[in-house]
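**Student:** Next comes the sequence, and after it the predicted model I'd like to discuss.
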Amino acid sequence: MLQHGMKNLHPQPRVPINPTYIIWALVVVLVGLLIPPTASKLLTNFESFSSNVAADTTAVRLTSANRAEREQAIAQLAQAANSGSAEAVTQLGAYFQRNEYLTTDALATARALAAVDSRPAYQILIRALRSNQPAVRRMAAITALEESKPMVARQLVTALQDPDAGVREASATLIGYRHDVLAAEAVAAATYDSEASVREAATWTLGGELGIWSALPRIQLLGVADPDPRVRDAAHLAEARIAANVARALGLEAEDVRFVSATAANGHYYVATDDSLFAIQDSSNWQLVSRLPAAPTGLAVGGLDGEVVYLGTEADGPFRSVNGGATWESIRSGLPAVERLAVTSLAIDPVTDKSGQQVYLTLAAALGTTELHITPLGVYRSADGGATWSLVDQSQDATGLAIDPATPKVLYGMNQTGVWRTPIP
């Protein structure tokens, strides 16, 4: 009885525990852990395979003579591409390169690619910007890229270095259309491009579309020194757009702003109206600095502190300020002794003298009372801020002067006949 009771208190296990049992149990557990990921991977591969098969099937319909069917096929491929089908992107890209239905389907295909918002899709569109591409395809790509999501901005910046000039030009233009201000530095670099069409697009984007005030010295240089008239025209338009923006900030009409000038060193900006000088520093508010001593014909600023300002006038020669335009002094002494001395252009040398003491100007004698007759007097240079002057070239006149840091020993001038150069002493 005692033995029987003990068996009841300590019942024997129904399944004997042994090594074989443990091994089989571990196998069951491992299989249970491995099956779900494997099944998921198989399912993903199957879905990808199914998607590619569907893309192939849909692509066949792109050859249909029925436009509605082609549009439906494009839409279905776009949906598959947005779901991650690389094959659908490839099919859209291949169709975008075909010429049979270019006039009817190019824009829809380009927009479908842009909607994918992936680097491979954007690269297909950017390749369509090449110079040898049909105009319809290029315009479709430009429209789609302009409408694209922000991710495309990085692709367009990279495209500014593309070997094809058409890609570089269109990319610079698109950055302007999209107002991608963060790409301004890359666009400024594109103003040095070897192709005039790229420089033209980059110049207008920099000043006209993006309105980058700090780029004003570069834009003004291009407006005088670039050898291509299209680039010079783009620079003048870009400068006018910046001036119009400044006028709005001052509460003035665009035509009230005669000249805008900026220092490259510290971001000081000056504006001359018919009778006043305004200035802004460190992105603060514009302030009236002083009344001008005479009607302005030019404005140039420089110096390490941005406080050296030169003013050209219609009949009273040049003036200088060393305190940011607060006070003015005539620096006409030593220049041709004519009653009405007009400054037709002026520029500070930004290369060899950071203090703003080296200045160049072109002069003319203004004769007449009711109708002015301008007689050019040549190009003059001062190395001491206007205290003394020397004649550089008596044969030249100009409506603009500039010195390019890339060629610091050359003075560039622009007049009605084009751009001229003269060596700097």
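**Tutor:** Looks like it arrived, so ask away. Worth saying up front: this structure is predicted, and the values here are computed from it rather than measured. Numbering: from 1, shown residues only.

**Student:** need the contact list for the spatially closest residue to L250 that is not a sequence neighbour.
**Tutor:** Closest residue to L250 apart from its sequence neighbours, by CB to CB, 6 or more residues apart in numbering: W286 at 5.4 Å. (Each C-beta comes from the backbone N, C-alpha and C, glycine too.) By CB atoms under 8 Å, 6 or more residues apart in numbering, W286 lies in contact with 246, 249-250, 271, 278-280.

**Student:** Just name the closest of the residues you listed to Q394, please.
**Tutor:** Taking CB to CB as the measure, Q394 lies nearest V271 of the contacts of W286, at 32.8 Å.

**Student:** what does the model give the nearest residue to that closest one once chain neighbours are set aside for pLDDT?
**Tutor:** Spatial nearest neighbour of V271, chain neighbours left out: F278 (4.5 Å); criterion: CB to CB, 6+ apart. pLDDT recorded at F278 is 96.

**Student:** go on, T263?
**Tutor:** For T263, pLDDT reads 80.

**Student:** The chain should start at 37 in everything you say after this.
**Tutor:** Sure thing, new numbering starts at 37, so read that last one as T299.

**Student:** surely it meets L340?
**Tutor:** No: at 9.2 Å, T299 does not count as touching L340 under the criterion of CB atoms under 8 Å.

**Student:** Of the two, which one has the most company?
**Tutor:** More crowded of T299 and L340, by other CB atoms under 10 Å: T299, with 26 against 12.

**Student:** which SS class is the nearest residue to the more buried one once chain neighbours are set aside?
**Tutor:** Using CB to CB, 6+ apart and skipping residues adjacent in sequence, the residue nearest T299 is G342, 4.0 Å away. Under the three-state scheme (DSSP: H, G, I helix; E, B strand; the rest coil), G342 adopts coil.

**Student:** tell me the pLDDT at G342?
**Tutor:** With respect to pLDDT, G342 scores 85.

**Student:** Hmm, N302 and it touching each other?
**Tutor:** Yes: taking contacts as CB under 8 Å, G342 lies within contact range of N302: 4.9 Å.

**Student:** list residues touching both of those two?
**Tutor:** Q317.

**Student:** Between the two, tell me which one has more neighbours.
**Tutor:** G342 (21 against 13).

**Student:** who's in contact with the more buried one?
**Tutor:** With contact set as CB under 8 Å, 6+ apart, G342 has these partners: 299, 301-304, 317, 360.

**Student:** Next: G348.
**Tutor:** Applying CB under 8 Å, 6+ apart, we find G348 in contact with 332-335, 354, 378-382, 397.

**Student:** rerun at 10 Å
**Tutor:** Contacts for G348 (CB atoms under 10 Å, 6 or more residues apart in numbering) come out as 295, 308, 330-336, 354-355, 377-382, 397-399.

**Student:** Just the pLDDT for G247.
**Tutor:** 93.

**Student:** Correction: the previous question concerned A114.
**Tutor:** So A114 comes in at 92 (pLDDT).

**Student:** what's the burial count for the residue lying closest to N359 once chain neighbours are set aside?
**Tutor:** Nearest non-adjacent residue to N359, counting by CB to CB, 6+ apart: E343, 5.8 Å away. By the measure other CB under 10 Å, the count of residues near E343 is 19.

**Student:** and E343, what does it touch?
**Tutor:** Counted by CB under 10 Å, 6+ apart, E343 has contacts 299, 302, 304, 315, 337, 357-362, 392.

**Student:** Show me the shaky parts of the stretch 37-186 of the chain.
**Tutor:** 37-96 (pLDDT under 70).

**Student:** so how far is stretch 336-344 off the chain centroid?
**Tutor:** From the chain centre to the centre of stretch 336-344 is a distance of 27 Å (CA atoms, centre = their mean, to the nearest Å).

**Student:** And the helices in this protein?
**Tutor:** Secondary structure of the chain (DSSP state H): helices at 38-45, 55-96, 103-118, 122-132, 138-152, 155-163, 171-182, 188-195, 201-213, 220-226, 232-239, 252-261, 265-286.

**Student:** neighbour-wise, which of the contacts of W322 leads?
**Tutor:** Result: V307 is most packed of the contacts of W322 (other CB under 10 Å), 25 neighbours.

**Student:** pretty sure that residue contacts R284?
**Tutor:** No: the criterion here is CB atoms under 10 Å, and V307 misses it with R284 at 11.9 Å.

**Student:** List the buried residues in stretch 124-138.
**Tutor:** Buried residues in stretch 124-138, counted by 16 or more other CB atoms under 10 Å: 124-129, 131-132, 137-138.

**Student:** Just the terminal-to-terminal distance for that stretch.
**Tutor:** 19 Å (CA to CA, to the nearest Å).

**Student:** ok now it, how far from the chain's centre?
**Tutor:** For stretch 124-138, the distance to the chain centre is 30 Å (CA atoms, centre = their mean).

**Student:** With stretch 376-386 instead?
**Tutor:** The chain centroid and the centroid of stretch 376-386 are separated by 31 Å under CA atoms, centre = their mean.

**Student:** same check, this time on stretch 116-131
**Tutor:** In terms of CA atoms, centre = their mean, the centre of stretch 116-131 is found 31 Å from the chain centre.

**Student:** Could you do stretch 173-188 as well?
**Tutor:** Worked out by CA atoms, centre = their mean, stretch 173-188 lies 16 Å from the chain centre.

**Student:** send the alpha carbons of that stretch over as PDB?
**Tutor:** Taking Å, rounded to 0.1, in the frame of the first residue of the first chain, the C-alpha atoms of stretch 173-188 are listed here in PDB:
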ATOM      1  CA  ARG A 173      11.300  64.900 -76.300                       C
ATOM      2  CA  ARG A 174      13.500  67.600 -74.700                       C
ATOM      3  CA  MET A 175      10.500  69.800 -74.000                       C
ATOM      4  CA  ALA A 176       8.600  66.800 -72.500                       C
ATOM      5  CA  ALA A 177      11.500  66.000 -70.300                       C
ATOM      6  CA  ILE A 178      11.900  69.600 -69.200                       C
ATOM      7  CA  THR A 179       8.200  69.900 -68.300                       C
ATOM      8  CA  ALA A 180       8.300  66.700 -66.300                       C
ATOM      9  CA  LEU A 181      11.500  67.600 -64.500                       C
ATOM     10  CA  GLU A 182      10.100  71.000 -63.600                       C
ATOM     11  CA  GLU A 183       7.100  69.400 -62.000                       C
ATOM     12  CA  SER A 184       9.100  66.700 -60.200                       C
ATOM     13  CA  LYS A 185       9.500  66.300 -56.500                       C
ATOM     14  CA  PRO A 186      12.400  67.900 -54.500                       C
ATOM     15  CA  MET A 187      14.600  64.800 -54.900                       C
ATOM     16  CA  VAL A 188      15.300  65.800 -58.500                       C
END
